[in-house]
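K.L.:
Sequence and predicted structure are below.
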Amino acid sequence: MSTANPPFRATLGRSVALFSAFRAEQTDPDRFYGTLARDTVAQLRSYTPLDGKVVVDVGGGPGYFADALRAAGARCVCVDADTGELRLRGGELPDTAVLGSALDMPMRSDSVDICFSSNVLEHVPDPPRMAEEMVRVTRPGGLVYLSYTLWLSPWGGHETSPWHYLGGAYAARRFVRKNGRRPKNDFGRTMFAVSAAQMLAWTRGRDDIDVVDILPRYLPVWLKPIVRVPGLREIITWNLLLVLRKR
């Protein structure tokens, strides 16, 4: 059972703490993903209670978010297409993991209370289709939490940043020259250029969802209006969060 928690607050101090942990993503993933998972669950809880809810974590890999969701009282299953990612923390496939694509999830329609995904959308070749799948499996009245890194943000190229501003293919080639291997987030193969404009247009074209919130996930609440400014939002927002309710 979950316990009482303080209200979630998107303050400047929170942003500083997240970006500090972010620097340790490659060297200390437990610290980074654990910090982010706890913060994310607190944020998600501000939109909906989690105790007893059925949650699917789309592309959750090693299960950091799933662990935090379960600690909050949710019943969580992870769907991921990469067995290597699923095995990262223990070497074995977790009992609560399902092997499957985010573009064609092996789940019934209207079957979960919350469909959750953190920083996966930029890794699929058809972002709108993934979002459609998330809506499909969510029951009417349920919540979709969809967060992703914007291509034109400072971290849009992931480990190839900031050279992605000169083109994703160039950034990947430069990474190979410097490191002697392909980047994990390889443009055109495991990473794609997805914008705020694309997914905001997708939300406007749907008649089966209501928009609960759209905001820059990691930034202070007073920067929320930036998502309404075309062009500028692609750079400053950094990570866009869509919170949707299925009709």
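P.N.:
Nice, thanks for sending it over.
K.L.:
Next, the buried residues of stretch 47-55.
P.N.:
48, 50, 53, 55 (16 or more other CB atoms under 10 Å). The C-beta positions use only the backbone N, C-alpha and C, and glycine is treated the same way.
K.L.:
err, stretch 218-227, not the other one
P.N.:
218-219, 223, 226-227.
K.L.:
Tell me the one among those nearest to residue 150.
P.N.:
residue 227 (10.3 Å; CB to CB).
K.L.:
Make JSON lines from the buried residues of stretch 218-227 and add pLDDT, distance to residue 141 and secondary structure to it.
P.N.:
Listed next are the buried residues of stretch 218-227 as JSON lines, based on pLDDT from 0 to 100; distance: CB to CB, whole Å; DSSP: H, G, I helix; E, B strand; the rest coil:
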{"residue": "218", "pLDDT": "96", "distance to residue 141": "28", "secondary structure": "coil"}
{"residue": "219", "pLDDT": "97", "distance to residue 141": "29", "secondary structure": "coil"}
{"residue": "223", "pLDDT": "97", "distance to residue 141": "30", "secondary structure": "helix"}
{"residue": "226", "pLDDT": "97", "distance to residue 141": "30", "secondary structure": "helix"}
{"residue": "227", "pLDDT": "97", "distance to residue 141": "25", "secondary structure": "helix"}
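K.L.:
Tell me which other helices or strands the longest helix along the chain touches.
P.N.:
Ordering each helix of the chain by length in residues (DSSP state H) puts helix 29-45 first. In terms of contacts (3 or more CB pairs under 8 Å, 6 or more residues apart in numbering; DSSP states H and E), helix 29-45 is packed against helix 12-22, helix 64-71, strand 112-118.
K.L.:
ok, residues contacting the helix or strand that it is followed by?
P.N.:
Note on helix 29-45: by DSSP states H and E, the next helix or strand toward the C-terminus is strand 54-58. Strand 54-58 has contacts (CB atoms under 8 Å, 6 or more residues apart in numbering) with 63, 65-66, 69, 74-80, 102, 105, 107, 111-118, 120, 130, 133-134, 137.
K.L.:
avg pLDDT for strand 54-58?
P.N.:
In this model, strand 54-58 has a mean pLDDT of 96.
K.L.:
Listing partners with orientation, what would you give for it?
P.N.:
strand 75-80 (parallel), strand 112-118 (parallel) (DSSP bridges).
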